[in-house]
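Novice: Got a predicted model here, sequence first, then my questions.
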Amino acid sequence: MGDLVSVIVPVYNREKYLFECIDSIINQTYKNLEIIFVDDGSTDNSLSILKHYERLDKRIIVMTQNNLGTCLAVKNALSISNGKYIFRVDSDDINYLDRCEKQLKFLLEKDYDVVGCYLKSFGNGSEISKKGMEVYVNRSIKDYHDQNKLIYEGCNIGGGYLFGKSDVLKKFSPFHKDYGLVDDVYLYILLHQNGCKIGILQEELYYYRVHNDNTSLDKNRKIVVEKHIEVIFRFLFREKILKYENVVIVKNDKDMRVIKNCFSEFYPNVKNVFYFDDDNVDEILKCDFKSDNTLFIIGHSFKTKLKDYVSERDFEVFENLFNLVDFCWWKNLGWWWL
């Protein structure tokens, strides 16, 4: 029969999509499942639908909570789960019927701790057809041991297409209520920093549904982008940034205020944050910055004279770091083009 796999599905007002989602779980080719749904205080018929399926399938467990958010829903489900492995699903999406079987096989064969997969996105409406399917497939990375790739090239282990060892996910408890909209990024960082083996099964196994309630759409885009930037600056670069009193940012971009707020909130050691745009690099050359207490964060336009300045004086430089900002905007504004 194989080891028990716990399926975790947070649910909030998804009555329009739940039937397809649930059917794609209960009909998995891998049968030894414990299926945990957490209704997060839905005000539609979601809970009634879940209860209906709970009566039909003894593998299903329905939990409820009072609108505490996705992260705590996942965390609460983890706390009662009995499976050796965790299989995450978002309640508005659809799984290929062999997804669990294939991700488990891949994880075991490669001895990974956590694996993702490729996905396809599709637009409004419930029917999936080749004609109506808009494809998004991240084919960039097989493994996430490279920190730069982790940030800049996108990650396919988060959200509904996550599959991993239960003890690993429970140990790190990576689901943080303050980062609910970017819990995937927070999870990548924790796993990466703790030496976990992460892999991507290069096969499409998950349908991501694009609709008006997605957190990646207009009403939450700005928040998502800011949280992406915040969580990466707060956790991924912490050890390096803690060494410096001065930070020099060279980039003409409105989103730099988000990064400035990160310094003021999380890095009391940083006394001064200097801003220069790409057109007044000459002003930097007049300043008497010291390499032992100053970090340079350079945007796309690393002009030759500035490059010479920082290299001759042996400054530590985060070069092209503002690809991060563009990546966050791209992921949350243009990722789901339809």
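Specialist: That came in fine, so what should we check first?
Novice: which secondary element of this structure has the worst mean pLDDT?
Specialist: In the chain, no helix or strand scores lower on mean pLDDT, DSSP states H and E than strand 133-134, which sits at a mean of 39.
Novice: excluding its backbone neighbours, what's nearest residue 98?
Specialist: Spatial nearest neighbour of residue 98, excluding adjacent residues (C-beta to C-beta, 6 or more residues apart in numbering): residue 29 at 4.8 Å. For every residue, glycine as well, the C-beta is placed using N, CA and C.
Novice: Next, count neighbours for the one you found.
Specialist: Counted with other C-beta atoms under 10 Å, the neighbours of residue 29 add up to 11.
Novice: same question, residue 162
Specialist: Residue 162: 25 surrounding residues under other C-beta under 10 Å.
Novice: Surely it is in contact with residue 90?
Specialist: No: checked against C-beta atoms under 8 Å, the pair residue 162 and residue 90 is beyond contact range at 9.9 Å.
Novice: Find the helix or strand that residue 318 is a member of.
Specialist: Secondary structure from DSSP states H and E places residue 318 in strand 316-319.
Novice: any idea how far that strand is from the chain center?
Specialist: 24 Å (C-alpha atoms, centre = their mean, to the nearest Å).
Novice: Same check on stretch 237-249?
Specialist: 24 Å.
Novice: buried sites along that stretch?
Specialist: Under the neighbour-count criterion of 16 or more other C-beta atoms under 10 Å, stretch 237-249 has 237, 241, 244, 246-249 buried.
Novice: so how far is the helix or strand hosting residue 37 from its chain's centroid?
Specialist: Assigned by DSSP H and E, residue 37 belongs to strand 33-39. Centre-to-centre, strand 33-39 and its host chain are 21 Å apart (C-alpha atoms, centre = their mean).
Novice: what's in contact with the next helix or strand after that strand?
Specialist: Per DSSP H and E, the first helix or strand lying C-terminal to strand 33-39 is helix 46-56. Contacts with helix 46-56, where a contact means C-beta atoms under 8 Å, 6 or more residues apart in numbering, come from 11-15, 18-19, 22, 26, 37, 39, 60-62, 64, 91.
Novice: Which positions in helix 46-56 come out as buried?
Specialist: In terms of neighbour count (16+ other C-beta under 10 Å), helix 46-56 has its buried residues at 46-47, 49-50, 52-53.
Novice: Would you reformat the residues you listed as a markdown table and include distance to residue 208 and pLDDT?
Specialist: Rendered in a markdown table, the data for the buried residues of helix 46-56 read as follows (distance: C-beta to C-beta, whole Å; pLDDT from 0 to 100):
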| residue | distance to residue 208 | pLDDT |
| --- | --- | --- |
| 46 | 19 | 97 |
| 47 | 24 | 98 |
| 49 | 21 | 98 |
| 50 | 21 | 98 |
| 52 | 25 | 97 |
| 53 | 22 | 98 |
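Novice: Between those residues, which sits nearest residue 288?
Specialist: Checking the buried residues of helix 46-56 against residue 288 by C-beta to C-beta gives residue 46 as the nearest, at 61.4 Å.
Novice: need the contact list for the closest residue to residue 80 other than its chain neighbours.
Specialist: Leaving aside its sequence neighbours, residue 80 sits nearest to residue 36 (C-beta to C-beta, 6+ apart; 7.0 Å). Contacts for residue 36 (C-beta under 8 Å, 6+ apart) come out as 6-9, 61, 63, 77, 80-81.
Novice: In strands only, show me the contacts of helix 46-56.
Specialist: Under the assignment DSSP state E, the contacts of helix 46-56 contribute 11, 37, 39, 60-62, 64 to strands.
Novice: Among those residues, list the two that are farthest apart in space.
Specialist: Checking the ones in strands among the contacts of helix 46-56 with C-beta to C-beta, the most distant pair is 60 and 64, at 13.7 Å.
Novice: so how many other residues sit close to residue 171?
Specialist: 13.
Novice: quick one on the thing from earlier: neighbour-wise, which of residue 60 and residue 64 wins?
Specialist: More neighbours surround residue 60 than the other of residue 60 and residue 64, with 22 against 15 (other C-beta under 10 Å).
Novice: re the thing from before, helices or strands up against the strand holding residue 318?
Specialist: Counting contacts by 3 or more C-beta pairs under 8 Å, 6 or more residues apart in numbering; DSSP states H and E, strand 316-319 is packed against strand 294-298.
Novice: for the strand it packs on, packing partners?
Specialist: strand 246-250, helix 304-312, strand 316-319.
Novice: repeat that for 7 Å
Specialist: Contact analysis of strand 294-298 by 3 or more C-beta pairs under 7 Å, 6 or more residues apart in numbering; DSSP states H and E lists strand 246-250, strand 316-319 as its packing neighbours.
Novice: Return the list of strands paired to that strand, each annotated with direction.
Specialist: In the sheet, strand 294-298 lines up against strand 246-250 (parallel), strand 316-319 (parallel) (DSSP bridges).
Novice: What's the mean pLDDT across the shortest one?
Specialist: The average pLDDT within strand 316-319 is 76.
Novice: Dump the C-alpha coordinates for it into CSV.
Specialist: C-alpha atoms of strand 316-319 as CSV (Å, rounded to 0.1, in the frame of the first residue of the first chain):
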residue,chain,number,x,y,z
GLU,A,316,31.2,44.3,-0.6
VAL,A,317,28.6,44.7,-3.3
PHE,A,318,25.2,43.1,-3.9
GLU,A,319,25.2,43.5,-7.7
